[in-house]
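In: Pasting the sequence and the predicted coordinates here, then a few questions.
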Amino acid sequence: MIEINFYHQSKSLFFWSLFILSSSLEVIIVYPDNRGDTPEKNNSLSEFSLSNKASTDVDWHTCYYSEVKDCLEEFPNAVILLDLSTDYGNQYAISQLCLDNRLIHLSYQLFSKYSIQQSYSISSSLNEQQGALFSLLGYFNWTQGVAFINQKYLEAKKHFLSFSAEFKILSVETMTSFDDLVNREVSRLGATLYYVLLEPSESLFLQKSLQSAKLLIAGNGIILNQESGYGCELEGALIITEMGYENDLSFEEYVQHSIINTIGFISNTTSRGTYDEIRILLDSSMSTPNNKRNFSIVNIQKGKRKIVGSITHDGVIIFNNITFPGNAYSTPKSAKKVLHLSINAGTTNPGAQPSMTQKLGSMGAYACLKRINEGNDILPNFHTELFNFDCGVTIFNAAFAKSCFSHDIDKLGLAHLNSYGSGMAIGTMKTFAQLNISLPCIGSTNGDISLKSSQNYPMYVRTISSVTYIENIVLVKALGWKKAAILYENSSWGIASYSITQNTAKSVGLEIINSEKLRAIPPSLDRNSIKNHTDAFQGVIDSQARLFIMVFQCPMCNYALETFYDLGMRKGDIIIFTVTPDPLTYISINDTSLQKRLEIGHSMIRLITPSWLGDIGQDALKRIWAMYNIAPNTFGCNYYDGAYLVANALDFMINRGQDYTNPYKLMQALRVQRFASCTGYVQIEQNSNDRIFDLYQFEVANVNQAQGTANISLVGTLKPFSTQLLYFEKPLIYPDGTTIKPPDLRVTDGKCPFPENKIQTFAKGRILLFGICFTMALIAGIITFLIRKKWWNERINDLVERQEVSLQDFIVAATIVIEAFQFASMGPDFQALISLLSQLSQAISFDLNDFIEFKNGFFWIIADIVLGSIGLWVILCTVVLLRLHEIYDNIWIFRNLGILSEYLIPILGNLCFIPFISICLEMFQCDQSIGDDFTDSFLAKDCYYFCWKDEHLIYALLSIVALLLYQPLAVFFRPVWQELQLNLHVKALPIYLMVKSIVQMMLITLNKTLKRASDISHGIVFIVIMTAYVWYILKYNAFNYGRFNFWQALSLIVVIWLALLSVILLSAGGNSIVYITILIVGWAMIGLVGILIQKKKYPSLLYKKKPRNESALFSFAFNFSLKSSIYLIDD
């Protein structure tokens, strides 16, 4: 019940004049106690006053409901009790009281909730009013709409639904906001017909909300019952009133009028005014709940109430013209509300030949709306329609367009699906501005980069992205390319595309390496004029880049291929990427330059937007075939997406109670949608008019030069926002006929400041490299032996009793896993075998040398970090050796260095052993040169730095010092950490740590020397060393815990098996899939055998008392899965 607060008014507010009665009657009027369910009516009825009575022939007595029994005793001669109660229970109680005391019970309105006998209503009953309403609905054939009812009219709900299941019932229970009710519910339901059964004040609030929401327009209708119609001024509204009471303007007038008529009728008709006489009269002439009264149909016309018809026992009779909302004279139809959209789907090109392109594409929009209208996914309560404007396809004529749109300007609807031609799209929006039309426009063209700007075109979005090469760069990077060259045409389209391409390349780490001064060439060059710009193409060739990103439009793209051929490029020298709208027209059997294009265009890759994806796309394709019996063009899906975008935005606004007729709010809604459609997920890019594509397809041209043809085939898809970027439907075949990506550069990995043909192997530099590496290894071996002999020669007791596992035990277990990856990274190259595992091993082992590509001076940043870390390491070791953190505990720096040493010593001295030594040894990899002197050699990691002079000489000396300090300290401090851990139960044997240090140093040395000469030889030596290392662990033990010894050896056997297969693959070749299968089977067998042996020979001596989140405590140092090490502790 909606609650309305009124100021209390005394009973003397109204002064009713009563008829001069012909006989004396005693009438008791019972007022409600203002405690009923309808406070508004209680207040109104309690204002009835007997002042200024025109006759003394009627004795009027008054009391409240709570005083009625006392009143009957006080006035025993009363014959009539006039009940003004609006409470169901009170009314029934009074009727029983009247029946017991032989009183005539007159009620303002009888309710059907109770079976009340010998009671008479002075007004029409709810059933009578509802009967009249449904008679009128049947006359108009209105079977849909929204009925607003309150608590009093709840019984009407079942009558509405029995009349038609399509009625929507809104129960008004609280007056928090009629605006919310209308905006959120009524708008969502899409109703055009409204029926109001409310209290007068409730009805007035509702009427204002309907007007504010612009729902009382042409084509809509509204009917109010008598009570709801008081004070109604809605133009075109229909009000059903009890006949004879048409001019009552308020509920009070109606009640007064009813009482006067009823009492006057009784007084003028009866002679004695007795109970029996009045009963006989009322039984024969007045209404009971089972009888019906006649009603009038009142229409609000020009602000006045006009009777236009009647509802009697004979049915509905209309005898005057009816005006409906919006000054409409035709009767509204009982149908879904229509949402009007417009589309430019014609064929006219003013001044030129007609074009069917747009018409064929627009089939997608019509198929989309047909699907929406037939389904219930979105806009279930609405019907969408398109109006076609044939105002131009690709050619914009300002005068023609203005005349075309002006002719049917009122049919543009809520949004306009613009022409696919960019010139026509821009012209259309300019025309709308001239006509003062603010209307969202949805496009399907990507030909003009300027349309991307939401500032320049705030009322425009498009369901396709600009030709900006962003996703092309993503594809290039995803396919593994790291360097590329680019040329672009010096047009507005080309400049904008190049700018975004360049920025995107930087953000994803793709290096553009051809000279920036030679990247732009004039647009629209032909075969002859393009020869004047061969310096730009020669710049691409000189950059050594194999990948060429072409930002040309055709046919200039054709001549670019011929130019590369004329400059000496051949098949596989360059690979072309493009998203040019139609780049593959370079294949023309009649073209004299066909062979040149076929040669250079081999494996040319093109990125395209997909069409007809998923269930929605296939459904759209089937609908178009069914509707037109013809296949749509490539724009069909874009038009489908455009119509679906508008529908989703409207559905979004309607469900949130927003004003979807406001073009600016609709534009905002268009920009926040995301949904699956014909070409994948549709979403508009933030601060842009372009769509974000989360799915692209890429094609490749596989050329058959012998036949002079190119087979253009779909290779796969690109999903920029997915965890897996690329999905291949078939292998991508490169010019060499394999699926292996060629190197980024044609000769060397990186552009150097000297010609490629000058690079030669520098034998002296290689000898020096080998000498330095082996010398460092020898020194490390000698130092390790001396440390072992002097300090770490004690035996550690074996673990024999079960102990509760500690965090330190977990760290030792995790070290076994990390070392397995470290050793694998120092073995033969197995990237061809398992690329992912190779990268993982490099990352987990912190082997920065292989895992990170050193370019643009990044190597020197890493070198500085390594040398700085070694300096910090030396300081920490000094603090611990001299116990400075204990002696000077009161000094902040020493105290904190002591704390820091506890955490960094195992990391810098153990985990970083391999990367630190590797980076330092990289300083001596100067075995390539452009001359015969040592100073003519250049650093392998950065060919801009020549060796043995200037900065390199300084870094080389610092590296030697760092190695001489770091190696002995790292070997010495490896056992120190475990001795300082009181909760550590599993400890490595000191002699094992010494042996491990020697083995690691040997492997690092071989990795820097022998591997550069022969990968196979290196692999064989690696297997021999690792086999000896495993034998040592099995014979002499690595830890004081048998289970850890066993799994340390087993993890290294896994590495040996990987190395063995890698060597075989490198030497014999073959299908890598077969090797991977053998590898996995071998690993599985090793693991299975290990588990079986462990169960028999190595009992678990560590247990977990309760679950603990140990990984969170040391994830900063061991960022990998802990589960693999937990099995070593407790099974």
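Out: Looks like it arrived, so ask away.

In: Show me the domain layout of this protein.
Out: The record's domain parsing of the chain by automatic domain parsing lists 1-121+250-288, 126-243+293-327, 337-465+620-678, 470-608+696-728, 757-1129.

In: Tell me if residue 827 really is in a strand.
Out: No: checked against DSSP: H, G, I helix; E, B strand; the rest coil, residue 827 lies outside a strand; its state is coil.

In: hmm, back to that, which stretch in the domains of the chain has the least confidence?
Out: Note on those: domain 1-121+250-288 shows the lowest mean pLDDT, a mean of 69.

In: Taking the centroid of the protein, which residue is nearest it?
Out: residue 674 (6.1 Å; Cα atoms, centre = their mean).

In: ok, that one - contacts?
Out: Going by Cβ atoms under 8 Å, 6 or more residues apart in numbering, residue 674 touches 681, 682, 683. All C-beta atoms are positioned from the backbone trio N, CA, C, and that covers glycine.

In: Can you tell me the SS state at the second one?
Out: Yep, that's residue 682 we're talking about. With three-state DSSP as the basis, the three-state label of residue 682 is strand.

In: so it touches residue 644, yeah?
Out: Yes: look at residue 682 against residue 644 with Cβ atoms under 8 Å: they come within range, at 7.0 Å.

In: out of those two, which sits in the more crowded spot?
Out: More crowded of residue 682 and residue 644, by other Cβ atoms under 10 Å: residue 644, with 27 against 24.

In: and the more buried one, how far is that from residue 270?
Out: Distance, residue 644 to residue 270, by Cβ to Cβ, to the nearest Å: 74 Å.

In: ditto for residue 990
Out: Separation of residue 990 from residue 270 (Cβ to Cβ): 126 Å.

In: all strands for the stretch 701-850 of the chain, in order.
Out: Using DSSP state E, counting those that start in this stretch, the strands of the stretch 701-850 of the chain run over 709-718, 726-728, 760-761, 803-804.

In: Would you mind giving the contacts of residue 674 as CSV with distance to residue 784 and pLDDT added?
Out: As requested, these are exported to CSV (distance: Cβ to Cβ, whole Å; pLDDT from 0 to 100):
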residue, distance to residue 784, pLDDT
681, 60, 86
682, 65, 91
683, 61, 91
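
In: Any chance of CSV for those, columns distance to residue 785?
Out: Below are those laid out as CSV (distance: Cβ to Cβ, whole Å):
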residue, distance to residue 785
681, 65
682, 70
683, 66
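
In: Please identify the deepest-packed of the strands of the stretch 701-850 of the chain.
Out: Across these, averaging neighbours per residue (mean count of other Cβ atoms under 10 Å) puts strand 709-718 on top, at a mean of 16.

In: Can you list the strands that that one pairs with?
Out: strand 696-704 (antiparallel), strand 726-728 (antiparallel) (DSSP bridges).

In: From the rest of the structure, what touches the shortest one?
Out: Under the criterion Cβ under 8 Å, 6+ apart, residues 475, 478, 479, 715, 716, 717, 718, 719 lie in contact with strand 726-728.

In: Distance from the chain centre to it, please.
Out: When C-alpha coordinates are averaged (Cα atoms, centre = their mean, to the nearest Å), strand 726-728 and its chain have centres 21 Å apart.

In: Now the phi/psi pair for the nearest residue to residue 808 once chain neighbours are set aside, please.
Out: For residue 808, ignoring the flanking residues on the chain, the nearest one in space by Cβ to Cβ, 6 or more residues apart in numbering is residue 984 at 3.9 Å. Residue 984 adopts backbone torsions of phi -80, psi 130, taken as degrees, to the nearest 10.

In: and what of residue 801?
Out: phi -110, psi 150.

In: thinking again about what came up before, now the residue nearest to the centre of the chain: how far from residue 682?
Out: Relative to residue 682, and taking Cβ to Cβ, residue 674 is found at 7 Å.

In: And residue 31, by the same measure?
Out: Residue 31 is 65 Å from residue 682, where distance means Cβ to Cβ.

In: ditto for residue 369
Out: 16 Å.

In: And residue 366, by the same measure?
Out: According to Cβ to Cβ, residue 366 stands 18 Å off from residue 682.

In: same deal with residue 971?
Out: Residue 971 sits 62 Å away from residue 682, going by Cβ to Cβ.

In: and if you look at residue 692?
Out: Residue 692 is 9 Å from residue 682, by Cβ to Cβ.

In: same question, residue 902
Out: The spacing between residue 902 and residue 682, counted by Cβ to Cβ, is 56 Å.

In: ok, now residue 28?
Out: Distance of residue 28 to residue 682, computed by Cβ to Cβ: 73 Å.

In: And residue 1012, by the same measure?
Out: The spacing between residue 1012 and residue 682, counted by Cβ to Cβ, is 53 Å.

In: Same check on residue 178?
Out: From residue 178 over to residue 682 the distance is 36 Å, taken as Cβ to Cβ.

In: And residue 818, by the same measure?
Out: Distance from residue 818 to residue 682, by Cβ to Cβ: 46 Å.

In: Please apply the same query to residue 500.
Out: Taking Cβ to Cβ, one finds residue 500 at 21 Å from residue 682.

In: Same question for residue 77.
Out: Distance from residue 77 to residue 682, by Cβ to Cβ: 83 Å.

In: Repeat that for residue 1065.
Out: 46 Å.

In: What is the longest helix of the protein by residue count?
Out: Ranked by residue count, the top helix of the chain under DSSP state H comes out as helix 950-979.

In: contacting residues around residue 388?
Out: Applying Cβ under 8 Å, 6+ apart, the residues near residue 388 are 342, 343, 344, 345, 346, 362.

In: how far away is it from residue 337?
Out: 21 Å.

In: Count the residues that sit near residue 146.
Out: Neighbours of residue 146 (other Cβ under 10 Å): 22.

In: Specify the beta-bridge partners of it.
Out: residue 168, residue 194.

In: which residues touch it?
Out: Contacts here follow Cβ under 8 Å, 6+ apart; on that basis residue 146 touches 167, 168, 169, 170, 185, 186, 189, 191, 193, 194, 195.

In: change it to 10 Å
Out: 160, 167-170, 182, 185-186, 189-196, 215, 222 (Cβ atoms under 10 Å, 6 or more residues apart in numbering).

In: Can you say which of those are buried?
Out: When these are checked for burial by 16 or more other Cβ atoms under 10 Å, the buried set is 160, 167-170, 182, 186, 189-196, 215, 222.

In: Could you report the separation of the closest residue to residue 828 other than its chain neighbours from residue 1062?
Out: Nearest residue to residue 828, sequence neighbours excluded (Cβ to Cβ, 6+ apart): residue 1019, at 3.2 Å. Note on residue 1019: its distance to residue 1062, by Cβ to Cβ, is 6 Å.

In: ok, residue 202 touching residue 171?
Out: No: with contact defined as Cβ atoms under 10 Å, residue 202 and residue 171 do not form a contacting pair (11.7 Å).

In: neighbour count winner among those two?
Out: A direct count of neighbours by other Cβ under 10 Å for residue 202 and residue 171 places residue 202 higher, at 23 against 13.

In: who does the strand or helix carrying the more buried one touch, helix- and strand-wise?
Out: According to DSSP states H and E, residue 202 maps onto helix 200-212. Secondary-structure packing of helix 200-212 (3 or more Cβ pairs under 10 Å, 6 or more residues apart in numbering; DSSP states H and E): helix 39-45, strand 145-149, helix 178-180, strand 193-197, strand 221-225, helix 251-269.
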